[in-house]
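1. My questions concern the predicted model and sequence given below.
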Amino acid sequence: MNSRTVIPVTTGDAVVPTGHAAPRRTRRRARGARFALGLALPPLVWQLAFFIGPLLVLVAMTFWSVKMFRLTPDLALGNWTHLLSSSFFWDAYLYTFWVAALSAVLASVLALPVSYALARKVSPRLQRLAILLLIVTFFTSYPVRTYAWQIVFSPSGILNSLLALIGVEPILILNTTSATVVGFLTLTMPLVILIQTFAIASVDQRLIEAAYNLGCSHGRTLFTVLFPSARIGLILAGTFAFVLSFGDYISPALLGGSRPPTLSILLTDQVKSGNHWPRAAVVAVTMILTLLTVVLGMLALAYRKKGAAA
């Protein structure tokens, strides 16, 4: 008999190959693993070089000191103690967190009817057109859109000019928190609508039909079947809105007037005042840790099993 012949040996219900088939299969798996590692290596090196590396430098910089307007590598805790014991830092932190959370909630709630209509009510042609228009908004510079709101909200702008025509006193919106929230919504709403639309459209239509067959009303079907089934996408959409709003600098500066300051504005001020990069690094690391905590918490909430809370 030829030595290359593979004779299967039966043990119970399993068939165990003998001869050279098993080594060949092992070699194929090894080649596949090396190929996968080769594909994964470039993005891994990129992340290490341009994300992990700078992040480690940023963390190390929080312990440096500034002497005669020059950075000096050090292991001092003065930057952390100075900021974490300052009331202006915590005021900026709480204000940033609150206004970002408010913007995320507003974006999620305001986008939901639009997303539901695009996913379930309009024709496929109109749906594609709406999605295209939402994507096109990202082609326009965000600062340009923010400056456009300045024209609308300024004391002699479009809004107050229209109010004057009907005899209403001018209202002050520019350089307020309301204007900042509008800027955040301008930034996040297109993305939130897109994510919500895809999440709602992916829900199995048979679940909706089954709810109607069991006598559920339209509203009850939405809140007990459709939205819970799209929970992951809805939570992720709100999380993206919070992340973008929490780190944004343009809207608080151009529409909010930097009063009160957000963490992004505080970070810039630390650099401008005495070229104090280490204190700015403390603010940046605090923002990163906050966002990581929020994102991980929202992911745990989104992917939590239904029976986990019991």
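-> In hand now; what should we look at?

2. can you list the domains in this structure?
-> Domains of the chain are assigned by automatic domain parsing as 21-61, 78-302.

3. Format the ones you listed as TSV; extra columns: mean neighbour count.
-> (Each C-beta comes from the backbone N, C-alpha and C, glycine too.) Listed next are the domains of the chain as TSV, based on neighbours: other C-beta atoms under 10 Å:
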stretch	mean neighbour count
domain 21-61	11
domain 78-302	17
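
4. Out of the ones you listed, flag the one nearest Arg70.
-> Evaluated with C-beta to C-beta, those place domain 78-302 nearest to Arg70, the distance being 8.2 Å.

5. I'd like to know how far Thr177 sits from Arg259.
-> When C-beta to C-beta, to the nearest Å is the yardstick, Thr177 and Arg259 sit 9 Å from each other.

6. ugh, wrong one, Leu48
-> If you measure Leu48 against Arg259 using C-beta to C-beta, the figure is 40 Å.

7. and if you look at Val295?
-> Distance, Val295 to Arg259, by C-beta to C-beta: 29 Å.

8. Just the residues contacting stretch 266-285, thanks.
-> Contact partners of stretch 266-285, identified using C-beta atoms under 8 Å, 6 or more residues apart in numbering, comprise 58-59, 61-66, 69, 71, 79-80, 82-83, 88-89, 92, 249, 261, 263, 287.

9. quick one: average pLDDT of that stretch?
-> Averaged over stretch 266-285, pLDDT sits at 89.

10. Same question for stretch 226-245.
-> Taken as a whole, stretch 226-245 has a mean pLDDT of 96.

11. Might you quantify the distance of that stretch from its chain's geometric centre?
-> Using C-alpha atoms, centre = their mean, to the nearest Å, we find the averaged C-alpha position of stretch 226-245 to lie 9 Å away from the chain's own average C-alpha position.

12. same question, stretch 244-253
-> With C-alpha atoms, centre = their mean as the basis, the mean position of stretch 244-253 lies at 13 Å from the chain mean.

13. Can I get it in PDB? Just the C-alpha atoms.
-> This file holds the C-alpha atoms of stretch 244-253, laid out as PDB (Å, rounded to 0.1, in the frame of the first residue of the first chain):
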ATOM      1  CA  LEU A 244     -18.500  64.400  20.200                       C
ATOM      2  CA  SER A 245     -20.100  67.100  22.400                       C
ATOM      3  CA  PHE A 246     -17.900  66.500  25.400                       C
ATOM      4  CA  GLY A 247     -14.700  67.100  23.500                       C
ATOM      5  CA  ASP A 248     -15.900  69.900  21.200                       C
ATOM      6  CA  TYR A 249     -14.200  73.300  21.300                       C
ATOM      7  CA  ILE A 250     -15.800  75.200  18.400                       C
ATOM      8  CA  SER A 251     -19.400  75.500  19.600                       C
ATOM      9  CA  PRO A 252     -18.500  76.600  23.200                       C
ATOM     10  CA  ALA A 253     -16.000  79.100  21.800                       C
END
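
14. ok, residues contacting stretch 174-184?
-> So stretch 174-184 is in contact with 99-100, 102-103, 106-107, 146, 149-150, 153-155, 157, 173, 241, 244-245, 248, 250-252, 254-257, 259, going by C-beta under 8 Å, 6+ apart.

15. average pLDDT for that stretch?
-> Mean per-residue pLDDT for stretch 174-184: 95.

16. cool, and stretch 71-81?
-> Confidence over stretch 71-81 (mean pLDDT, whole number) is 89.

17. ends of that stretch, how far apart?
-> Taking C-alpha to C-alpha, to the nearest Å, stretch 71-81 runs 18 Å from one end to the other.

18. now what about stretch 288-300, what contacts it?
-> Leu55, Tyr93, Phe97, Ile235, Leu236, Gly238, Thr239, Phe242, Val243, Phe246, Gly247.

19. mind running it again at 6 Å?
-> With contact meaning C-beta atoms under 6 Å, 6 or more residues apart in numbering, stretch 288-300 is reached by Ile235, Thr239, Val243.

20. got a markdown table for the residues you listed, with secondary structure and distance to Pro23 too?
-> Written out in a markdown table, the entries for these read as follows (DSSP: H, G, I helix; E, B strand; the rest coil; distance: C-beta to C-beta, whole Å):
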| residue | secondary structure | distance to Pro23 |
| --- | --- | --- |
| Ile235 | helix | 48 |
| Thr239 | helix | 48 |
| Val243 | helix | 50 |
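
21. if we take these, which one ends up nearest to Thr188?
-> Within these, the smallest distance to Thr188 is 9.1 Å, found for Val243 (C-beta to C-beta).

22. contacting residues around the closest one?
-> Taking C-beta under 6 Å, 6+ apart, we find Val243 in contact with Leu291.

23. Does anything pack onto the strand or helix carrying Val109? Which helices or strands?
-> Here Val109 is covered by helix 87-116, with elements defined by DSSP states H and E. Other elements packing on helix 87-116 under the criterion 3 or more C-beta pairs under 6 Å, 6 or more residues apart in numbering; DSSP states H and E are helix 177-201, helix 231-247, helix 263-272.
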